[in-house]
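Participant: Task: produce atomic coordinates for the following.
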Amino acid sequence: MNTLTLPRAKTTYPVRFVLADQANKPLAPDVRLLTPLTLRNRLGTSLIITGSADERSSDPSIPMVRTASFPEGEHELQLGLSWQTELYYADLKINVTNPGIDQPVQMVRGPSLSGTLLVIGPNGNQAKPAELFCKLRSEAPYHQTAFASSSRGGCLSARFTPGKYHLEVEGVPSDAYVESAKVGAQDVLADGIQLDKDTELHIVIRTPGATIGGTVIDMKGEKLSDALVALVPDAPLRDAGPLYRSIISDFQGSYEIRGVAPGSYRLFAWTDLEGAASERRIHEGVRRKGKTCEDRGRHTDIHKSHRSELTRENSTR
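Facilitator: Residues are numbered from 1 along each chain as shown. I've put the predicted structure just below:
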């Protein structure tokens, strides 16, 4: 008879995080009222820790403590307290060897992102949008952000943990495109933003953009419905997520992509792209497959609206 030996479960011990400010003083009343503490490790795994009503009190004489259990060993963590556009964080390493560990934590206010988000119409008239949202996506899964979107009459306001971020813009009108996103004189659409200090970001959205349309057909000339048609910017803007455009062909194989920024693109059609459940996953899949299927994309220079037929040779299958 064979004997199966199961691995021994790791012992876990509670760790009490005693929170203080940069001067190692009790947290200010407005900070103590922030949302529950969030812990994230280098793999992006997160844990939300709530405290008692007394611990969330504005009374500084009551220590602000959060407790979580960890397996034995070393852990590299980032802690965050956030609410709307406010954020405090701390990076730390802990070595869990026994129960009853009190871990002092000095919380630091994250650098701020401020600026403007404007829409410029065909006559050069400017509008301050009410429905547009600017988001920054971190390259590191353990980075924490405050409520990382703001439209508030065209003004941006949020805080982040230091790191490299890429811009995402949601709610852009279907006939508009992101013309520029600048920190000082640097356009960060493709290269992203390094947030190590308070930063001003100014985003300009222009309307109308160009329109490209056509029909997706296979090598036999038959129309393909439900194909993902994606317009991917060429280098040096390949990583400029806001310039990506995608749509699903209709039952006649027809597609129309609006709000296209002038420039050089590759046009793809896929019937097997995974992650089509959300626009962000589509863009990530397009970026991934676009780099490995460069020769299958149809080169397209767009300066005005036009039509382009896509055949099976422009797909991944």
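Participant: any idea how far the helix or strand hosting T300 is from the chain center?
Facilitator: Using DSSP states H and E, T300 sits within strand 298-302. Relative to its parent chain, strand 298-302 has a centroid offset of 27 Å by C-alpha atoms, centre = their mean, to the nearest Å.
Participant: So what touches that strand?
Facilitator: With contacts defined as C-beta atoms under 8 Å, 6 or more residues apart in numbering, strand 298-302 is touched by 210, 212, 231, 234, 260-268, 308, 310, 314. For the C-beta atoms, the positions are set from N, CA and C on the backbone; glycine is no exception.
Participant: So which of those sit within helices?
Facilitator: Nothing among those maps onto helices, per DSSP state H.
Participant: Give me the neighbour count for Y177.
Facilitator: As a burial measure, Y177 scores 23 neighbours (other C-beta atoms under 10 Å).
Participant: so how far is S180 from R206?
Facilitator: Using C-beta to C-beta, to the nearest Å, R206 is found at 9 Å from S180.
Participant: Just the buried positions in whichever strand or helix holds A90, please.
Facilitator: Using DSSP H and E, the element containing A90 is strand 86-96. For strand 86-96, a neighbour-count test (16 or more other C-beta atoms under 10 Å) marks E86, L87, Y88, Y89, A90, I94, V96 as buried.
Participant: Measure how buried the closest residue to the last one other than its chain neighbours is and give me the count.
Facilitator: So the one you mean is V96. Counting by C-beta to C-beta, 6 or more residues apart in numbering, V96 lies nearest to F70, which is 4.7 Å off, once chain neighbours are set aside. Other residues near F70 number 21, with proximity taken as other C-beta under 10 Å.
Participant: Which strand residues bridge F70?
Facilitator: When bridges are called by DSSP bridges, F70 pairs up with Y13.
Participant: Likewise for the one 4 residues further on?
Facilitator: Taking DSSP bridges as the rule, E74 bridges to N95.
Participant: Can I get whichever strand or helix holds V169 in PDB? Just the C-alpha atoms.
Facilitator: Using DSSP H and E, V169 falls within strand 163-170. C-alpha atoms of strand 163-170 as PDB (Å, rounded to 0.1, in the frame of the first residue of the first chain):
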ATOM      1  CA  GLY A 163       6.500  54.200  -8.900                       C
ATOM      2  CA  LYS A 164       6.000  54.000 -12.700                       C
ATOM      3  CA  TYR A 165       2.500  54.300 -14.000                       C
ATOM      4  CA  HIS A 166       0.800  54.200 -17.400                       C
ATOM      5  CA  LEU A 167      -2.100  56.400 -18.400                       C
ATOM      6  CA  GLU A 168      -5.700  55.200 -19.000                       C
ATOM      7  CA  VAL A 169      -8.600  57.500 -19.900                       C
ATOM      8  CA  GLU A 170     -12.100  56.300 -19.600                       C
END
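Participant: Please name every helix or strand in contact with it.
Facilitator: strand 133-138, strand 193-195, strand 199-206 (3 or more C-beta pairs under 8 Å, 6 or more residues apart in numbering; DSSP states H and E).
Participant: So, low pLDDT: which residues of the stretch 101-250 of the chain?
Facilitator: 128-130, 141-155 (pLDDT under 70).
Participant: what pairs with the strand holding T300, and is each one parallel or antiparallel?
Facilitator: strand 263-270 (antiparallel).
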